[in-house]
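Student: below is the sequence, then the predicted model.
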Amino acid sequence: MTPSSFPRSGASNHPRATHDRRRFVPEFRRMVGAAPKQYERICRFNSAVAAIRLPNARPLASVAVDHGFADQAHLSREIGHFAQISPSRLHRDGATMANHLEYDKIFKT
């Protein structure tokens, strides 16, 4: 698939757009190992965690907005889901914490 074959916004009623969308998700999952939305969540989480772990980290509300979260509560839920610790602990101790988690704990839903 080429990027030009994917539907543009507003093209969702076109029969080919629906067909391409149905093929995209399984193909993406096969190539990347996660669905597009899950991959987006992981990338957004990783970039936010990197910002939080900086020695001069900004407040959590600012980090949330800067990294595409709706608000600080949304960031907090994602940190709780993926890191299984509180955002304040990550903010406070993040620079000294290990940068990995067990796979099974991250992807349990």
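Tutor: Received the coordinates, thanks. Residues are numbered from 1 along each chain as shown.

Student: how far away is L90 from Q72?
Tutor: Counting by Cβ to Cβ, to the nearest Å, the gap from L90 to Q72 is 13 Å. Heads up, the C-betas are built off the backbone N, CA and C, glycines and all.

Student: go ahead and confirm A34 touches C43.
Tutor: No: counting by Cβ atoms under 8 Å, A34 does not reach C43; the two are 10.0 Å apart.

Student: for stretch 54-61, measure first residue to last.
Tutor: Stretch 54-61 stretches 15 Å from its first residue to its last (Cα to Cα, to the nearest Å).

Student: what sits up against it?
Tutor: With Cβ atoms under 8 Å, 6 or more residues apart in numbering as the test, stretch 54-61 has contacts from 51-52, 63, 66, 71-72, 75-76, 87-88, 91, 94-95.

Student: which of these fall in strands?
Tutor: Of the contacts of stretch 54-61, none are assigned to strands by DSSP state E.

Student: ChimeraX command for the buried members of those residues?
Tutor: If you want just the buried ones from the contacts of stretch 54-61 in ChimeraX, going by 16 or more other Cβ atoms under 10 Å, the selection is:
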select :51,52,63,72,75,76,87,91,94
